[in-house]
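K.L.:
just coords:
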């Protein structure tokens, strides 16, 4: 993981470092490359992995990525394969073309697939967790059995740079030294979106050392594989009584 929060990296290297050696099997690697899905093993347990790919579109989600993830999540749910979400997402792509492609409709498919999955779900916030991307990647509101963050993660509606440009644009322009003011405001906002504050607000379960990621995933799967859903949604064609 690069020290620069704006630098890209190949998430496949992270996946291979976390899960069992030579167990990674990627699904649809050449389509919607900004999200990576596939199967791996963690201490022998089968796991469906959903991970953002920063080397493609900065890891932002678009219509194809949402469709790809939704289909994979539903497949794992149908065959009772636990899900591990590796989150580093700046949100959904915006623009007229995305609107024409139906980004809201496609994004809703991924959101619904995540919300209705009853298999064990564990979420690792690796770096960025911005906007609606946080929710579709199994944020706190969608009942992950475990959700943790790495120490340098950021959980927010948007990144600090974007927040300053939108919220404090007039203050920056009116200041005697705009660049210094911008830098100060960015650091102020960054201090307010760190994972320790999120943990204090119960938005995440814990802040972990990245080296502990494998242990957390294995422990979460083992603890939640026999979980009971009191009122599950309709699943596998059966309506619970």
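P.N.:
Yes, it's here. Fair warning: this is a prediction, and the values are worked out from it, not measured in the lab.
K.L.:
next, the buried residues of the worst-scoring helix or strand of the chain on mean pLDDT.
P.N.:
Least confident helix or strand of the chain, by mean pLDDT, DSSP states H and E, is helix 160-167 with a mean of 74. Residues of helix 160-167 classed as buried by neighbour count (16 or more other Cβ atoms under 10 Å): 160, 162-164. (Each C-beta comes from the backbone N, C-alpha and C, glycine too.)
K.L.:
closest to residue 13 among these?
P.N.:
Distance to residue 13 across those (Cβ to Cβ) is lowest for residue 160, with 26.4 Å.
K.L.:
any idea how far that closest one is from residue 187?
P.N.:
8 Å (Cβ to Cβ, to the nearest Å).
K.L.:
repeat for residue 67
P.N.:
38 Å.
K.L.:
cool, residue 92 as well?
P.N.:
Where residue 187 is concerned, residue 92 sits at a distance of 26 Å (Cβ to Cβ).
K.L.:
quick one, which of those two is more surrounded?
P.N.:
residue 92 (22 against 12; other Cβ atoms under 10 Å).
K.L.:
the more buried one contacts residue 59, correct?
P.N.:
No - Residue 92 is beyond contact range of residue 59, at 11.0 Å (criterion: Cβ atoms under 8 Å).
K.L.:
mind giving me the packing neighbours of the longest strand belonging to the chain?
P.N.:
Looking across the chain with DSSP state E, the single longest strand is strand 121-130. Under the contact criterion of 3 or more Cβ pairs under 8 Å, 6 or more residues apart in numbering; DSSP states H and E, strand 121-130 touches strand 83-89, strand 146-149, strand 154-156, helix 213-224.
K.L.:
of the ones you listed, which stretch is the most buried?
P.N.:
Ranked by average neighbour count under the criterion mean count of other Cβ atoms under 10 Å, those are headed by strand 83-89 at a mean of 27.
K.L.:
next, the angle helix 213-224 makes with that one.
P.N.:
Using axes from the mean of the first three to the mean of the last three Cα atoms, to 10 degrees, one finds that strand 83-89 and helix 213-224 are set 140 degrees apart in direction.
K.L.:
strands paired with strand 83-89, and their directions?
P.N.:
strand 45-52 (parallel), strand 121-130 (parallel) (DSSP bridges).
K.L.:
and the next helix-or-strand element following the first one, what other elements does it pack with?
P.N.:
If I follow you right, that is strand 45-52. Beyond strand 45-52 on the C-terminal side, the first helix or strand identified by DSSP states H and E is helix 63-78. Counting contacts by 3+ Cβ pairs under 8 Å, 6+ apart, helix 63-78 packs against strand 35-42, strand 45-52, strand 83-89, helix 103-116.
K.L.:
please name the nearest non-neighbouring residue to residue 55.
P.N.:
residue 8 (4.7 Å; Cβ to Cβ, 6 or more residues apart in numbering).
K.L.:
the one you found sits in which helix or strand?
P.N.:
Per DSSP H and E: nothing holds residue 8, as it lies in no helix or strand.
K.L.:
wait, it touches residue 54, no?
P.N.:
Yes - with contact defined as Cβ under 8 Å, residue 8 counts as touching residue 54 (4.4 Å).
K.L.:
and the helices and strands packed on helix 63-78: which comes nearest residue 63?
P.N.:
helix 103-116 (3.9 Å).
K.L.:
report the distance from that closest one to the chain centre.
P.N.:
Centroid separation between helix 103-116 and its chain, computed with Cα atoms, centre = their mean, to the nearest Å, is 14 Å.
K.L.:
before we move on, what about stretch 146-155?
P.N.:
Worked out by Cα atoms, centre = their mean, stretch 146-155 lies 10 Å from the chain centre.
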